[in-house]
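K.L.:
next comes the sequence, and after it the predicted model I'd like to discuss.
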Amino acid sequence: MTASPPIRPPRPLRIYVVENDSDSRQMLTLLLMSWGHEVASASTMGEALQHLPGHRYDVLISDLGLPDGSGWQLMERLRELGAENAGYPIAMSGYGMGGDLEKSRAAGFRHHLVKPMDIEQLDRLLLEATRELDAGT
């Protein structure tokens, strides 16, 4: 069985990654950059909250288990700050039970990826994000 060819978005995206594991954060950042995207990152909710309110990103990819909170709390704090500047938020976690998925949706995440992440699924989500952002939805 051969892998499907990548479905790259038609333009580079501005992506913000929040991941406390340095190896995972670096690997994801390098992957996204190799796909042509502009990537910034943080290792904690606090770092993300210091940076995100002053910047606009097309996509936010956030781990749910952070050392100083959760990705769900990050989304709540961003709303409280009026900094809903991540057009297409994606949660990622080692947990993918029904309750986790529902909690991610309720927090405002568009999708919930379970680690280890399916790279082809991430690729499809970034294409979907681009289409939605370009359509203004």
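P.N.:
Structure received. Numbers count the residues shown, from 1 in each chain.
K.L.:
in what helix or strand does the most centrally placed residue in the chain lie?
P.N.:
Central residue of the chain (C-alpha atoms, centre = their mean): I61, 1.1 Å from the mean position. Using DSSP states H and E, I61 falls within strand 57-63.
K.L.:
now swap in P89 and tell me
P.N.:
P89 belongs to strand 86-93 when assigned by DSSP H and E.
K.L.:
so which bits of the helix or strand just after that strand are buried?
P.N.:
The helix or strand immediately downstream of strand 86-93 is helix 98-107, counting by DSSP H and E. Buried residues in helix 98-107, counted by 16 or more other C-beta atoms under 10 Å: D100, L101, K103, S104, A107. Heads up, the C-betas are built off the backbone N, CA and C, glycines and all.
K.L.:
kindly report the same for stretch 34-52.
P.N.:
Of the residues in stretch 34-52, those buried by neighbour count under the rule 16+ other C-beta under 10 Å are W35, H37, V39, S41, A42, S43, T44, M45, A48, L49, L52.
K.L.:
in the residues you listed, find the pair that's most separated.
P.N.:
The distance between the two most remote of the buried residues of stretch 34-52 (C-beta to C-beta) is 26.5 Å, for W35 and L49.
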